[in-house]
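>>> generate coordinates for the sequence data below:
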Amino acid sequence: MTILNRCRNAACAVSLVTLAVACGGSDDDKEPAIPANITLVPASSNVVSYWTDIGAATVNATAAVATTPEEARPTFHTDLATMHLAIYDAVSAIDGRYKPFAITPATPAAGASMDAAASAAAYGVLSALFPNRSAQYQAAYDSYIARIPAGDAKTRGLALGAEVAAGVVANRANDDRSVVLAPYVPGTAPGKFRGVNPVSRFVPFIRPFTLASISQFRPAPPPALDSTAYAADLNETKGLGGAVSSLRTAEQFEIARFHTEAPPIFLTRNFGRFARTTDKVADAARLMALIYVGYSDAINACFEAKYFYETWRPLSAVPLAETDNNPATSADPAWTPSLPTPNHPEYPAAHSCTTGTLGELLRLYFGTDKVTYTFDSTVTGTTRTYTTTGALAEESQLARIYGGMHFRYATTAGAELGKQVANWTFQRHFGRRVP
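Modelled structure (predicted):
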C-alpha cells in the first residue's frame with residue numbers, strides 16, 4: 001500500500017522511493033508535510049495506465065478511411081486530452097474528491113466500479129473519434145471489461161463511463177480543426193519563414209480546453225533583426241548548432257538527438273510513465289488529464305504564435321545573414337543545422353512550450369520542484385533522469401540550439417508561454433470539491 005500525503009494546493013500524486021507517497025485520497029484526509037524530495041517510479045499498473053497505452057496506440061495508428069475530423073486531422077495531444085478528461089470526469093464522480101471538468105453524470109456514482117467507468121469513458125471517446133481504428137481498442141476494451149466481476153458495480157460503472165464519454169465528445173464536437181486553409185505563401189522579406197507547405201497550420205484554430213483564447217499568452221515579438229540580442233542568439237546557434245561545429249561537444253549533440261524522436265511517439269510513451277506512478281486510480285486520472293489538457297492548450301497556443309509571427313529558422317537566417325542589416329552577424333551560405341529542422345516557423349520553440357508546461361504542471365501538482373523522473377528516447381536508445389520539475393524544459397531548450405533548429409530567445413519565450421498555460425489551467429481546474 002502507498003502512504004498518503006498531501007501536496008500543496010491540493011495537488012495529488014504518488015512517488016515511489018524508499019517511501020511511496022500519494023497526495024489526497026478518500027481513505028486518508030490527513031495533511032502531513034510535503035516530502036523534501038519526490039522520486040517518481042513507474043511501477044504501478046492501473047486502469048488509467050492501461051487506457052493511456054491504448055489511447056496512444058490509437059492516435060498514432062493509421063487507417064485507410066477517415067470519416068471523422070479527428071481521423072482526417074489527428075492531433076494526438078488534443079485527442080488524448082479528450083479521452084483523459086472523460087476518464088477523469090467518470091472516475092472523479094465516483095471518487096468524490098475532485099471537481100468535474102466538463103460532465104457531472106446523472107448515473108448514480110455510489111458503488112460504481114472505477115475500472116468499468118474509466119474503461120467505458122475511454123472506449124466511448126476513442127470509438128467516437130476514431131471509428132476506423134477499432135483494431136487498436138476494441139479487443140482491448142472487451143478483454144479488460146471481461147476481467148471485471150459481474151454485478152451492479154460493473155453495470156453502474158459502465159453506464160456512468162458511457163454517459164460521461166458521450167458528454168465529453170459532444171462538448172468537444174466541431175472543435176474547428178476542419179478549418180479550410182488557403183495555400184501557404186512563404187515570406188521573402190528578411191526574417192520571414194521560408195518553408196513550403198509547412199505543417200500543423202490548422203492547429204491554432206482548434207478550440208482550447210481552458211484558455212479564454214488561443215492567443216491569450218502569445219509572447220511579445222522576437223528581437224529585431226538589427227538588435228544586439230538577435231545577433232548574440234544567431235551567433236550562438238551558428239556556432240553550436242551547425243552540421244560542422246568546433247564548439248559543440250559530443251554530449252551536447254547526444255542531448256540534441258535525444259529530443260528528436262517524433263513527439264506523438266516520444267511524448268505519449270513518456271507521459272505514460274506518470275500514469276504508473278500511483279496505484280490510486282483517481283489520482284492517476286487527475287494527473288494524466290492535467291498533463292494532456294495543459295499540453296494541448298500550450299502546443300496549440302505555441303503554433304498560433306508561430307504562424308502569427310512567421311519568423312525564419314536558423315537554416316535560413318544564417319545563410320542569409322547579409323540581409324538582416326545587423327553588423328554583428330555574418331552570412332555563411334554553406335551553413336546547415338546539425339539535425340533536420342521541422343517544417344514550421346521558428347518563434348516560439350514548440351518543444352520549449354510543451355516541456356515548459358509539463359515542468360510547471362508537475363511543480364504545481366506535487367507542491368515542490370524537487371521531483372525526479374525519467375524520459376527515454378528511441379533515437380539514442382538512452383534514458384535520461386531529471387531531478388527537478390523544470391530540468392527537462394531546460395535541457396530541451398539547449399537541445400534545440402545544439403540541433404541548429406532554434407535561437408535561444410525562441411526557446412525562452414516558448415518555456416514562458418508553457419508556464420503561463422500551466423498556471424492558468426491548474427488555478428482553474430482539477431481542484432478539490434468544496435465540501
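
>>> switch to C-alpha atoms for all contacts and neighbour counts from now on
Fine.

>>> surely A128 meets V169?
Yes: the pair A128 and V169 qualifies as a contact (C-alpha atoms under 8 Å) at a distance of 7.4 Å.

>>> and these two? Which one has more around it.
Neighbour tally, A128 and V169, criterion other C-alpha atoms under 10 Å: the higher count belongs to V169, 19 against 15.

>>> which parts of the chain are helices?
47-59, 69-72, 76-95, 114-129, 138-146, 152-172, 228-240, 250-258, 263-275, 281-309, 314-317, 350-366, 391-402, 408-428 (DSSP state H).

>>> and the ones you listed: which comes nearest Y184?
Y184 lies closest, by C-alpha to C-alpha, to one member of the helices of the chain: helix 281-309, at 10.7 Å.

>>> buried set for the closest one?
Of the residues in helix 281-309, 281-307, 309 count as buried by neighbour count, 16 or more other C-alpha atoms under 10 Å.

>>> how far off centre is that helix?
How far helix 281-309 lies from its chain's middle: 5 Å, per C-alpha atoms, centre = their mean, to the nearest Å.

>>> just want the most central residue of this protein.
Y295 (3.2 Å; C-alpha atoms, centre = their mean).

>>> hmm, that residue is touching E360, no?
No: applying C-alpha under 8 Å as the test, Y295 and E360 come out as separate, 10.9 Å apart.

>>> could you measure from A102 over to S227?
46 Å (C-alpha to C-alpha, to the nearest Å).

>>> okay, now the unreliable bits of the stretch 251-400 of the chain?
Low-confidence segments of the stretch 251-400 of the chain, defined by pLDDT under 70, are absent.

>>> let me fix that: the stretch 51-200 of the chain
Looking at the stretch 51-200 of the chain by pLDDT under 70, you get an empty list.

>>> now the terminal residues of stretch 335-349, how far apart.
End residues of stretch 335-349 are separated by 21 Å (C-alpha to C-alpha).

>>> show me which positions of it end up buried.
Within stretch 335-349, the residues that count as buried by 16+ other C-alpha under 10 Å are 335-339, 341, 344-349.

>>> tabulate those residues (JSON lines), appending distance to M405.
Shown next, in JSON lines, are the buried residues of stretch 335-349 (distance: C-alpha to C-alpha, whole Å):
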{"residue": "W335", "distance to M405": "12"}
{"residue": "T336", "distance to M405": "10"}
{"residue": "P337", "distance to M405": "7"}
{"residue": "S338", "distance to M405": "8"}
{"residue": "L339", "distance to M405": "7"}
{"residue": "T341", "distance to M405": "5"}
{"residue": "H344", "distance to M405": "11"}
{"residue": "P345", "distance to M405": "10"}
{"residue": "E346", "distance to M405": "8"}
{"residue": "Y347", "distance to M405": "11"}
{"residue": "P348", "distance to M405": "11"}
{"residue": "A349", "distance to M405": "9"}
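
>>> list just the nearest of those to F274.
The closest of those, once distances to F274 are taken by C-alpha to C-alpha, is A349, at 24.1 Å.

>>> distance of that closest one from A334?
Taking C-alpha to C-alpha, one finds A349 at 24 Å from A334.

>>> equivalent analysis for A153, please.
Counting by C-alpha to C-alpha, the gap from A153 to A334 is 67 Å.

>>> cool, G151 as well?
Distance of G151 to A334, given as C-alpha to C-alpha: 70 Å.

>>> same question for Y230.
From Y230 to A334 the distance is 20 Å (C-alpha to C-alpha).

>>> which one of the two is surrounded by more residues?
A count of neighbours by other C-alpha under 10 Å puts Y230 above the other of Y230 and A334, at 21 against 10.

>>> what residues are up against the closest residue to that one other than its chain neighbours?
By the measure of C-alpha to C-alpha, 6 or more residues apart in numbering, the closest residue to Y230 outside its immediate chain neighbours is P223, 5.5 Å from it. Contacts for P223 (C-alpha atoms under 8 Å, 6 or more residues apart in numbering) come out as 229-230, 409.

>>> measure the spatially closest residue to the residue nearest to the centre of the chain that is not a sequence neighbour to R248 for me?
In this structure, Y295 finds its nearest non-sequential neighbour in T354, 5.8 Å apart by C-alpha to C-alpha, 6+ apart. Distance of T354 to R248, computed by C-alpha to C-alpha: 25 Å.

>>> next: K192.
From K192 to R248 the distance is 27 Å (C-alpha to C-alpha).

>>> around R147, how many other residues sit close by?
Neighbour tally, R147, other C-alpha under 10 Å: 10.

>>> pop out the phi and psi values for it.
As for R147, its main-chain torsions (degrees, to the nearest 10) stand at phi -80, psi -10.

>>> now it: how far from A116?
Counting by C-alpha to C-alpha, the gap from R147 to A116 is 10 Å.

>>> and for V293?
In terms of C-alpha to C-alpha, V293 sits 23 Å off from A116.

>>> what's the pLDDT at V21?
pLDDT, V21: 32.

>>> oh, that last question was meant for V434, not what I typed.
So V434 comes in at 83 (pLDDT).

>>> what about it, neighbour count?
Using other C-alpha under 10 Å, V434 has 7 neighbouring residues.

>>> so who does it touch?
Applying C-alpha under 8 Å, 6+ apart to V434 gives no contacts.

>>> how far away is it from A102?
The spacing between V434 and A102, counted by C-alpha to C-alpha, is 16 Å.

>>> same question for R207.
Distance of R207 to A102, computed by C-alpha to C-alpha: 15 Å.

>>> compare those two (neighbour count), which wins?
R207 (20 against 16).

>>> gap between the more buried one and S213?
Separation of R207 from S213 (C-alpha to C-alpha) stands at 8 Å.

>>> repeat for T354
Using C-alpha to C-alpha, T354 is found at 18 Å from S213.

>>> these two: which has the busier surroundings?
Higher neighbour count among T354 and S213: T354, with 29 against 13, using other C-alpha under 10 Å.

>>> contact partners for L234?
By C-alpha under 8 Å, 6+ apart, the residues touching L234 are 314, 317-318, 329, 407.

>>> show me the two of the residues you listed that sit farthest apart.
Comparing all pairs in the contacts of L234 by C-alpha to C-alpha, the longest separation belongs to T329 and F407, at 13.7 Å.

>>> just want to know which of those two has more residues nearby.
Legend: neighbour count by other C-alpha under 10 Å for T329 and F407, higher for F407 (28 against 24).
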